[in-house]
Every structure is written in structure tokens, then in C-alpha cells.
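Provide a 3D model corresponding to the input given below.
(2 chains)
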Amino acid sequence: MLKREDWLDLARKLDWEYSYVSERDVFPEAVSGRPWLPHAAWESWDEPYRTSYAEYVSGQHGKEAAFRAVHDAVGRVHDFERLDRAWLSALKLHGATLPLAEFAAVVSNLRAVRFGRDSAWRTMANLGALDELRHTQIPLLVLHELVRWDVQFDWAHKLLHTDDWVAIAARHLVDELILTADPIELAIATNFVFETAFTNLQFVGLSAVACSVGDRMFEKMVQSIQTDEARHSQIGGPVLRTVVENDPVYAQYLVDKWFWRTWLFFAIVSGFAMDYLTPLEQRRASFKEFVEEWILDHFEGLLEEYGLARPWYWDTFVASIGTYHHMVYASAYTHRATVWFDLALPGPGERAWLREKYPDTFPLVEPVWERISARWREGGPELEWYTQGATPIGFCRLCQLVLCGGTPLSNSATVRDHAGQRYIFCSEPCAWIFEREPERYADHRDVVQRILAGNAPGNLFALIRRYFGLSEQSSGKDVAHGRYPWLERPPA
Amino acid sequence: MLIPLYGFVRGDTLGLLVLVHTGDTVQTLAASLQQAACMRVKPSQRVSVYHGGVLLAPEHTLEQLGVSALARVDLVPEPDE
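Numbers count the residues shown, from 1 in each chain, chains lettered A, B, ... in the order given. As a prediction, this is how the structure comes out:
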């Protein structure tokens, strides 16, 4: 009987020369991606896991059995009922933004199964597609059971089928990053930047937070998913290495572009959860500390290893670690009826913690929380509308997110004219991405453009109910409806 | 003519969209912006409004000042006396 090492490469890395069709026709650049290189440039492609299909099936079967056991033990409605209301909002946010994005990754990995440039890469993409199908199904399975208890969990499946502003932004990101990306861009943007640079925030940082708040289901779910991600993220490195060798300018461009876009996504999803939606007593580290530990040091080292420079906007990125998610959270809190999860008002204890963690930047945002608190005191509990905005807001024409760049003293939004049209961007990196490929982005309409074109209602209430698809029950509220003991006392 | 403008109130956390008439004065624009941001930033009696880094005279209309659709305007509240 053959030893494993004797047969493995016949199963996972078997390429041949084409005799009746050209390699360019088998792997057209439009689908396989650029730079187009003959297979000789890719033939050293390899990754460390070298998993056979039989090993994959066996390993995944074990993970599924373990996951099922955890779900049966701690994944029922009564287990979630015990959790803090604010933490449940973190679950709703993650639950809605991730599963259908993972399903887009099934599609893009299957494209790589056919059009990836080396057979070992295609084999790994096949396992990656199966992984992503699992990552779609697991959160949908876990959260579906909770819908009958809390209708906001319905948005785990619903979000990306709506025209809520977050859905518009999420689709703008996911459609380009994952769904329609060619295998080379997918490998660099998703496997290298998104999965290698950023997902540790979720799999390590947020998993630890979930453990501390007693959410064993979420903790185990992301840990189980992480074991898959660690494997298929390995597609990115060897692809990037070949692109750096043959077209270093394009490699740097892809890294710069996707690092920024991915950063904005994680700053919101992870930043909200770590700094605002985790109960104060259970917070272990700030979002900034997680980013410094898991992104700054780690990713800078990786870039150096691959012969790449830091993105040109690195200083802007570093500055935004201490500001961006604070700006977006305060903005979202005062427009919470436009989202499907509830938000918590940071009280004196939370604000003291944030001041300690962000001594240079949180004091810039704190007056906003003082103002909102004063409005709650003035209006009284349950008067949600009195602390919410009643007019439309602006959105970045690239990332489709609210204009929350910079600081409260100096918002970084920038207006540019292109082909007779005016565009606004939340930041210089977003403007730079747009200007590199305006034909790709110029015609996409953000919420403001849809309102101005008459495709979406300008009345905020109609916008929320009819266009975003949020009902009275699913619309976001304050987690305590303004009933905070500290609010009942006059400010010191 | 009714035009949309992107407004940024100093001290606020996001950019707002306000609909104004080109015949409106800067003072009217300032009132709209302060109202739109009032749940986050306390309105101030005295404010300055800038467009492209230039201070706009409060009595002038947007049309007179050449402020066109989808432009960025910045409102800076001054401390109340």
C-alpha cells in the first residue's frame, strides 16, 4: 500500500499541459485574474496543510459532532435569555453581517476551484468552498431558533436581502471583495488581507470576550469556524508571493485597497462589540488593544515578509483606531431606528473606562454622550425619538458608510468632482480607491442618491419602514429604553 | 431651487444631509444644521459657517456665495456668552 506522501500529490496537485487548447483559453485573464502568467510561474504554489479530501471529511465530521453537542447543551433560547441585552446586540450585528457574506465566499471559492492557476490551489479552494458553506449554515442554524423569542434575530438571514443602509454598505463590500472577485484578487483580498490580517479580531479577541460574558455558544461557534479559516486562509500567501514577484505595483494596490475597506468593516463590527456592547465588568481589553496586538504588529511583519510596504495611508489608519468606531457608534446610537439591533448608552462607568483606554480621543466624543444623556433626562425613559436624528444623513460614495472619518473637531470627509458629478467620501483612502477605478464605482447609488432620484422616500419614517424594511419590533432601540439608574440622578 | 448639502457640525460625529433653498441665507442654513445635529451637539447662539475654508457671511444667500448642490459646509459653534 502506498504511503500517504507517495499518493497525496496525485490527489491534490496534478497539473498537465494542454494539447488542443491554449492555456490562456483555459484560464482567461478576465476570470482567472491578473497578472496573467503561464503555469510555470505558479507551479511551486503550495500550502502547509496539504489536506486530502478523506482527511477533510473526517476532520469536519468531528467538528460537526462537537458543535452539535455544544449547541444541544448551551444553544437554546433559555441559554441566550440569561445573557446581557447589550451583548445580544453584538450577536445580532455579527449574525446579520457574516452568514450571507460567507455564502458569497462559497461562490467565489468555487470560481477558484475552476479558474485558480494551480491544481493545489484549486484543491484548497474546493475545501474552502465547503468551509464557507458550513460558516453560512452554522450561525443561521444557531440564530434561527432565537427568532421566535426575539424578532431582531431574523435579520441574520434577512439583512442582505434588504435595502437597509448597512445592507447596502455590506453588499458593496462583499460583492466586490468576495462574490465577483477573480481568484487572484480573492486570494489577496479575502484570504490574505481579510482572513489573515483581520479575522483574529473575531476568532481570538471576540471569542475571548464571548467566554467572559458567558456566551459559550458564540465562543464555540467562532472557535470551530476558526479552525477552517486558519486552513483556507493559507491560499492567500503563495498567491500574493507570485503576484509580488511579477507585478509588485498591482500587489501593493490590492493590499492597500482591501486593507482599508476591510478595516472599516471590522472597526464597526468588532469595535461596537468590544467597546460598547460588552458589559463593563466583562471587558478584558479595548478594541484598540486588540487591534494593536493582532493587526498592527502581526500585519506589519507580514507585509515586510512579502516585500510590500505599509499602505500609504498608514498614519490615517493608526489614528482611526482610536476614533472611527467611536464616531460611528455615537452616530448609530442616534439613528438606531435604522438598524436591527439595540444599542447601549454608555454611562459614567463605561465612559471612565473608555477615557482610560482612549485618553487622547474619547474626550473628543464624550460631549456627544453628555448631550444625549441630557436629552434622555429631559425627555424621560421610553421617549426614544427625543435622542434620535430626524433628518437623512450623508454616506460615503465608496464604502457606503456614514461620514464618520476623522474626529468630531475635524471630520475627514472630502468632496470630489468626477465626470460632471459630485461625490463625497468619508476619507482620503476611500477617495483614492474610487479615483483608481471610477468606472467601477461611479454609478453605484448610495442612500442619498436613491432619495434624490426618487427611488427611496425622503421622509425618515417611511425610509425606515418601507425602504429599509424595519418594523416597529425589529427597529433598533436603546437596550434599556433609557431606564438607567445613573440617568435618574442629576449629573455631578 | 431646493438643493442638498452635506453639513458638518464641529463636535458632531457624522456628516448630515440638509435640504435648503438656494435663496436661503447662511443664517437659515446654520439653523437647519444645528437642528439636525441637536441630539448630539447643543445648539449655540453664535456660529460660523465655512465653505471651502472660507467664512460665509450670515446674511448672504447660498446662491450669492456660489454654494451648489452636494457641497460640503462646516458649522463651527462659538461658545455662548
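
I would like the residues contacting whatever helix or strand B:Gly7 lives in, please.
Following DSSP states H and E, one finds B:Gly7 within strand B:2-9. Here strand B:2-9 makes contact (CB atoms under 8 Å, 6 or more residues apart in numbering or on different chains) with A:394, A:403, A:411, A:413, A:415, A:424, A:448, A:452, B:15-22, B:29, B:32-34, B:36-37, B:41, B:62, B:67-75, B:77. Just so you know, the C-beta spots here come from the backbone N, C-alpha and C atoms, and that holds for glycine as well.

now which of the residues you listed would you call buried?
A:394, A:403, A:411, A:413, A:424, A:448, A:452, B:15-18, B:20, B:22, B:29, B:32-34, B:36-37, B:41, B:62, B:67, B:70-75, B:77 (16 or more other CB atoms under 10 Å in any protein chain shown).

how far does stretch A:237-256 stretch from one end to the other?
This stretch, stretch A:237-256, spans 16 Å end to end (CA to CA, to the nearest Å).

so what's the closest residue to chain A within chain B up against?
Closest residue of chain B to chain A, CB to the nearest CB: B:Gly15 (3.2 Å). B:Gly15 makes contacts with A:393-394, A:402-404, A:411, A:413, A:424, A:426, B:6-8, B:72, as judged by CB under 8 Å, 6+ apart.

which ones among those residues map onto strands?
Those of the contacts of B:Gly15 mapping onto strands are A:Asn411, A:Ile424, B:Tyr6, B:Gly7, B:Phe8, B:Arg72, per DSSP state E.

which among those gets closest to A:Asn191?
For the ones in strands among the contacts of B:Gly15, the minimum distance to A:Asn191 (CB to CB) is 31.9 Å, reached by A:Ile424.

nearest to A:Asp15, of the contacts of B:Gly15?
Closest approach to A:Asp15 among those (CB to CB): A:Cys426, at 44.5 Å.

and that closest one, how far from A:Val255?
The gap separating A:Cys426 from A:Val255 is 20 Å, by CB to CB, to the nearest Å.

which one's more surrounded, these two?
A:Cys426 (30 against 26; other CB atoms under 10 Å in any protein chain shown).

ok, the more buried one touching A:Ala413?
Yes: here A:Cys426 reaches A:Ala413: they are 5.6 Å apart, a contact under CB atoms under 8 Å.

ok, which stretches of chain B are strands?
Secondary structure of chain B (DSSP E): strands at B:2-9, B:16-21, B:46-51, B:54-56, B:72-78.

can you list the ones you listed in CSV and add mean pLDDT?
Below are these laid out as CSV (pLDDT from 0 to 100):
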stretch, mean pLDDT
strand B:2-9, 96
strand B:16-21, 96
strand B:46-51, 97
strand B:54-56, 97
strand B:72-78, 96
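
for chain B, what lies in contact range of chain A?
Proximity of chain B to chain A, by CB under 8 Å from any CB of the partner chain, involves residues B:4, B:6, B:8, B:10-19, B:36-37, B:39-42, B:69-72.

need the overlap of contacts for A:Cys426 and A:Ala413.
Common neighbours of A:Cys426 and A:Ala413 (CB under 8 Å, 6+ apart) are A:Cys396, A:Leu403, A:Gly405, B:Gly15.

burial of the first one, as a residue count?
It stands for A:Cys396. With neighbours defined by other CB under 10 Å, the count for A:Cys396 comes to 26.

ok, now which ones touch the residue lying closest to A:Asp46 once chain neighbours are set aside?
Leaving out its chain neighbours, the residue that sits closest to A:Asp46 by CB to CB, 6 or more residues apart in numbering or on different chains is A:Ala120, at 5.9 Å. With contacts defined as CB under 8 Å, 6+ apart, A:Ala120 is in contact with A:Arg12, A:Lys13, A:Trp45, A:Asp46, A:Glu47.

quick one: contacts for the residue nearest to the spatial centre of chain B?
Geometric centre of chain B, nearest residue: B:Ala30, 4.0 Å, by CA atoms, centre = their mean. The contact partners of B:Ala30, by CB under 8 Å, 6+ apart, come to B:Val47, B:Val49, B:Pro58, B:Leu75.

ok, these vs A:Leu93, which is closest?
B:Leu75 (31.3 Å).

which bits of the stretch 301-450 of chain A sit near chain B?
Residues of the stretch 301-450 of chain A lying near chain B (CB under 8 Å from any CB): A:326-328, A:330-331, A:334, A:365, A:367-368, A:371-372, A:375, A:386-394, A:402-404, A:408-409, A:411, A:413-415, A:422, A:424, A:426, A:448.

pull out the buried residues from these.
Buried subset of these (neighbour count, 16+ other CB under 10 Å): A:326-328, A:330-331, A:334, A:365, A:368, A:371-372, A:375, A:387-389, A:391-394, A:402-404, A:408, A:411, A:413-414, A:424, A:426, A:448.

against which helices or strands is the helix or strand hosting A:Leu8 packed?
Assigned by DSSP H and E, A:Leu8 belongs to helix A:4-12. Packed against helix A:4-12 by the contact rule (3 or more CB pairs under 8 Å, 6 or more residues apart in numbering or on different chains; DSSP states H and E) you find helix A:119-144.
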